[in-house]
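Enquirer: next input, structure requested:
(one chain, ligands or ions: 1)
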Amino acid sequence: MAGRFEGKVALVTGAASGIGRGSAQAFAQEGASVVVADVAEDGGHETVKLIEDAGGRAAFVRADVSKAAEVEALVEQAIATFGRLDYAHNNAGVLGTARPAHEIDEADWDRLIAINLKGVWLCMKYEVPQMLEHGGAIVNTSSAAGLVGMQALGAYTASKHGVAGLTKSAALDYAKLGIRVNAVCPGGVDTPLVRNIEDPGSFPPQAMPVMPRFGTPEDIANAVIWLCSDDSSYVTGHLLSVDGAMTVQ
Ligand SMILES: NC(=O)c1ccc[n+]([C@@H]2O[C@H](COP(=O)([O-])OP(=O)(O)OC[C@H]3O[C@@H](n4cnc5c(N)ncnc54)[C@H](O)[C@@H]3O)[C@@H](O)[C@H]2O)c1
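Expert: Purely as a prediction, here's the structure:
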């Protein structure tokens, strides 16, 4: 596949499914070699197959983003397999159960923050040293819930606001060092994360898009690719809403 990212290497977490799979496929379509990272092995291998069947290059690495040793090994494996790292989409995340703040279990809070927020930080911790050698671009997946409050989603909303703040601080850390750091803030996107909600009625109206459809993984991937491309070379520290006007209300 020839494209804007020929000769480049992209790493995508949460790439066994949904938004991450769409992003991994889009990086490959642009010519990048793609490291598909996830805890879900079957889905990860399926993403690699989809990319290879379309003529692209990809490799699956099993990694839990909440565990430092696994993230360090993931980046080492990326370098061992493809030789460099240019782009990262730190995207793995979980939604948790919808309930008011005082009813959140401590274990659920800790798990969600460990995956959604600490996981993004751990990924950057090990990705950035590779990118300092030649420059790069990082896109973190925040959420509409990283910009506004969402009733009954306190832990999730806290984690995604955390990703937004981390993204802005990291953009400052690396603005003079050739690494841009941005975030996408999806609204409702048609993925298993949304389809598996046990009680959709428990989610507030503000968690629904205003445009008359849910987003698609391709909608988010288009934003991720733009944020990694030279077309956005003066954009860093930006939180890009891709939400069908959810947060404009
Ligand atoms: N779907 C939406 O409406 C929506 C909206 C805003 C933000 N997001 C965010 O987008 C990201 C992707 O979500 P999605 O909708 O594609 O959901 P998804 O469930 O389809 O994909 C999430 C992927 O993350 C993986 N994952 C979970 N925990 C992990 C861990 N500890 N280490 C590595 N991988 C792990 C899962 O196995 C899964 O493959 C998440 O961060 C989510 O919060 C989704």
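
Enquirer: show me where pLDDT drops low in this structure?
Expert: Across the chain, residues meeting the criterion (pLDDT under 70) sit at 1-2, 198-206.

Enquirer: how about the strands in the protein?
Expert: All strands of the chain, identified by DSSP state E, fall at 9-13, 33-38, 57-62, 87-90, 136-141, 179-186, 239-242.

Enquirer: H45: which of these is closest?
Expert: strand 57-62 (5.4 Å; Cβ to Cβ). For glycine as for every other residue, the C-beta is placed from the backbone atoms N, C-alpha and C.

Enquirer: residues of this protein that sit close to the ligand?
Expert: Residues of the chain lying near the ligand by Cβ under 6 Å from any ligand atom: 13-14, 16-20, 38-40, 43, 64-66, 91-94, 115, 141, 143, 186, 188-189, 191-194.

Enquirer: in TSV: the strands of the chain, plus mean neighbour count.
Expert: Formatted as TSV, the strands of the chain follow (neighbours: other Cβ atoms under 10 Å):
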stretch	mean neighbour count
strand 9-13	30
strand 33-38	29
strand 57-62	20
strand 87-90	30
strand 136-141	27
strand 179-186	27
strand 239-242	20
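
Enquirer: hmm, back to that, only whichever of the residues of the chain next to the ligand are buried, select them in PyMOL.
Expert: Selection command for PyMOL covering only the buried members of the residues of the chain next to the ligand, criterion 16 or more other Cβ atoms under 10 Å:
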select buried, resi 13+14+16+17+18+19+20+38+39+40+43+64+65+66+91+92+93+94+115+141+143+186+188+189+191+193+194
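
Enquirer: need the contact list for the residue nearest the centre of the chain.
Expert: Here the mean C-alpha position of the chain is nearest to the C-alpha of N91 (Cα atoms, centre = their mean), at a distance of 1.8 Å. Applying Cβ atoms under 8 Å, 6 or more residues apart in numbering, we find N91 in contact with 12-15, 19-20, 23, 139-141.

Enquirer: tell me which two in the residues you listed are the farthest apart.
Expert: Applying Cβ to Cβ across these, the maximum distance is between A15 and N140, 14.3 Å.

Enquirer: now the longest helix anywhere in the chain, how far from the chain's geometric center?
Expert: In the chain, assigned by DSSP state H, the helix with the most residues is helix 154-174. Relative to the mean C-alpha coordinate of its chain, helix 154-174 is positioned 12 Å out (Cα atoms, centre = their mean, to the nearest Å).

Enquirer: okay, buried residues for that helix please.
Expert: 154-164, 166-168, 170-171, 174.

Enquirer: that one versus strand 136-141: what angle between them?
Expert: Going by axes from the mean of the first three to the mean of the last three Cα atoms, to 10 degrees, helix 154-174 is angled at 170 degrees with respect to strand 136-141.

Enquirer: can you spell out which helices and strands pack onto helix 154-174?
Expert: The contact analysis (3 or more Cβ pairs under 8 Å, 6 or more residues apart in numbering; DSSP states H and E) places helix 154-174 against helix 106-113, helix 119-131, strand 136-141, strand 179-186, strand 239-242.

Enquirer: for the closest residue to R180 other than its chain neighbours, give its distance to A170.
Expert: Spatial nearest neighbour of R180, chain neighbours left out: T236 (4.0 Å); criterion: Cβ to Cβ, 6 or more residues apart in numbering. To A170, T236 is 9 Å away according to Cβ to Cβ, to the nearest Å.
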